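K.L.:
build the 3D model from these lines:
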Amino acid sequence: MRIQRFEWAGAGPTATAVRAWSAESAAAVDVGPIEREVREGGDAAVLRLTARFDATERPPEALLVDRGSAAEALGELDATIRESLELAAANVRAVAEAQLDAEPRQIELPQGQSVELRQVPVGAAGVYAPGGRAAYPSSVLMCALPARVAGVERLALASPPGPDGSLNPLVLAAAELCEVDEIYAMGGAQAIFALAYGTETIAPVDVVAGPGNAWVREAKRAVYGQVGIDSLAGPSELMLIAGHDTDPRWAALDLCAQAEHGAEGPLVAVAVEEAVLESIAATTESAAAERPAVGDSPLALVQVPDLTDAIDLANAFAPEHLELLEEDATLLAGQVRTAGCVLVGRHSATAFGDYIAGSNHVLPTGGAGRFTGPLGPDAFRRPLATLQVPAGAAAKLAPHVEALARAEGLPVHGESAMIRR
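P.N.:
From the prediction side, this is the model:
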């Protein structure tokens, strides 16, 4: 754990300094060559790249995974794991359904015309679940279930195979629970390009969603416009605001749990009392040293003048996860505007949101919480407006259309309206 103390310089400057320091270890990547290879080579290129980066011992012979293997994986799952996976799926689905406003709204306007606003699902979505040497069935649930709730007709999953060329049974079991239509053994930037542009085997999708490493993020950036994307998720983040009664062991484990995601994710501990910060720092450093899975993440320590400043700092930093471990956590939560997910109270560890509580763990990072939020059904739906102008309304509106169209230098627009008087 790399620990750095930051002096308070106001919410904005302090947030900027912390983010700049924590981003120093992030490596720049160039996905252009992979994009060209996939677009030109199709299936063969994706298989070749999969063999190079993922299935290094026994590459798969085909990208498309037999759907029967997913049903088989679910059936053979350990009973305890299956129960937990099904509980997580039920909670994620319930929250996604609560977000869905499927009812169309029709607005009747004074001149007689009407405008109907409704949401319609995209035709096809591709979701990405990280994998390879590790398995992330939770990411399958978090991405696939909102797409299913949204009403997406065709749902494809891409996940990198392990060195032996096969997908982890947990990932396959989660895909079966979510009723995924197509499963592809491919990962990294090549998977994103294959979903966006299509290959001989893969029909292109309309939206690509899901978390991944820097290569996945940059590939999503490259295909945006060709397809929709959910967000450009970067390394996982946690900011916690601690009070005098915060248990430093609980805080340390929360910070170490986030550090399991890798060494690039920024961690920030904030407190009014210096003794609280020092205790959390020492306990976290000790806990990290005893746990091999914990990465060498940057931990920033910030002492603030008061709790109002702590919330101001959180709003300026816009962390992916914000834990409020203060005794007034419920009151403080109402003042937060930018975090991806606010975890309220000492028992609300980020780990609950990552796995089973129902909130989505695909969240804005890198400060993107200022303008976007958690992954939900809206990422897989698009608004559609339907305009109906009866004859009477046309007669009333046409002269105004003509006046505006001529003012803009588009007179034929005016003619098109006036002929309907």
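
K.L.:
quick one, longest helix in this protein?
P.N.:
Counting residues, the longest helix found in the chain (DSSP state H) is helix 32-53.

K.L.:
and it, what's buried?
P.N.:
34-35, 37-38, 42-43, 45-47, 49-51, 53 (16 or more other C-beta atoms under 10 Å). All C-beta atoms are positioned from the backbone trio N, CA, C, and that covers glycine.

K.L.:
what of stretch 187-201?
P.N.:
Buried residues in stretch 187-201 (16+ other C-beta under 10 Å): 187, 188, 189, 190, 191, 192, 193, 194, 195, 196, 197, 199.

K.L.:
shouldn't residue 378 be in contact with residue 99?
P.N.:
Yes - Residue 378 is within contact range of residue 99, at 7.2 Å (criterion: C-beta atoms under 8 Å).

K.L.:
which one of the two has more residues nearby?
P.N.:
residue 378 (17 against 14; other C-beta atoms under 10 Å).

K.L.:
need the helices for the stretch 251-400 of the chain, in chain order.
P.N.:
For the stretch 251-400 of the chain, the helices defined by DSSP state H, counting those that start in this stretch cover 274-289, 307-317, 329-333, 350-355, 391-407.

K.L.:
what's the pLDDT at residue 133?
P.N.:
Note on residue 133: pLDDT of 66.

K.L.:
ditto for residue 28
P.N.:
What the model reports for residue 28 is a pLDDT of 77.

K.L.:
is it located within a helix, as I assumed?
P.N.:
No - counting by DSSP: H, G, I helix; E, B strand; the rest coil, residue 28 is not part of a helix but coil.

K.L.:
what's around it, how many residues?
P.N.:
6.

K.L.:
residue 217 versus that one, what's the distance?
P.N.:
11 Å (C-beta to C-beta, to the nearest Å).

K.L.:
before we move on, what about residue 104?
P.N.:
35 Å.

K.L.:
the two: which is more packed in?
P.N.:
Taking other C-beta under 10 Å, residue 104 and residue 217 do not tie; residue 217 has more neighbours (23 against 12).

K.L.:
that one: what's it in contact with?
P.N.:
Residue 217 is in contact with 232, 233, 234, counting by C-beta atoms under 8 Å, 6 or more residues apart in numbering.

K.L.:
now do the contacts for the last one.
P.N.:
The contact partners of residue 234, taken as C-beta under 8 Å, 6+ apart, are 26, 214, 217, 264, 365, 366.

K.L.:
same thing but at 10 Å, please
P.N.:
Residue 234 makes contacts with 23, 26, 211-214, 217, 264-266, 320, 364-368, as judged by C-beta atoms under 10 Å, 6 or more residues apart in numbering.

K.L.:
can you give me the strands in the stretch 201-350 of the chain?
P.N.:
Assigned strands in the stretch 201-350 of the chain, in chain order: 207-209, 228-229, 238-242, 267-271, 298-303, 321-324, 341-344 (criterion: DSSP state E, counting those that start in this stretch).

K.L.:
mind listing what's buried in the last one?
P.N.:
Buried residues in strand 341-344, counting neighbours by 16+ other C-beta under 10 Å, are found at 341, 342, 343, 344.

K.L.:
and the nearest residue to residue 350 once chain neighbours are set aside, how many neighbours does it have?
P.N.:
Leaving aside its sequence neighbours, residue 350 sits nearest to residue 321 (C-beta to C-beta, 6 or more residues apart in numbering; 4.7 Å). Residue 321 has 26 neighbours, counted by other C-beta under 10 Å.

K.L.:
roughly how far apart are residue 321 and residue 237?
P.N.:
As judged by C-beta to C-beta, residue 321 and residue 237 stand 6 Å apart.

K.L.:
list residues touching both of the two?
P.N.:
In contact with both residue 321 and residue 237: 258, 265, 267, 339, 340, 350, 363, 365, 369, using C-beta under 10 Å, 6+ apart.

K.L.:
make a markdown table out of these and add pLDDT, neighbour count and distance to residue 407.
P.N.:
Formatted as a markdown table, the shared contacts of residue 321 and residue 237 follow (pLDDT from 0 to 100; neighbours: other C-beta atoms under 10 Å; distance: C-beta to C-beta, whole Å):
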| residue | pLDDT | neighbour count | distance to residue 407 |
| --- | --- | --- | --- |
| 258 | 92 | 28 | 56 |
| 265 | 83 | 23 | 53 |
| 267 | 94 | 27 | 56 |
| 339 | 94 | 24 | 46 |
| 340 | 93 | 27 | 45 |
| 350 | 94 | 22 | 55 |
| 363 | 92 | 26 | 46 |
| 365 | 91 | 23 | 45 |
| 369 | 91 | 27 | 41 |
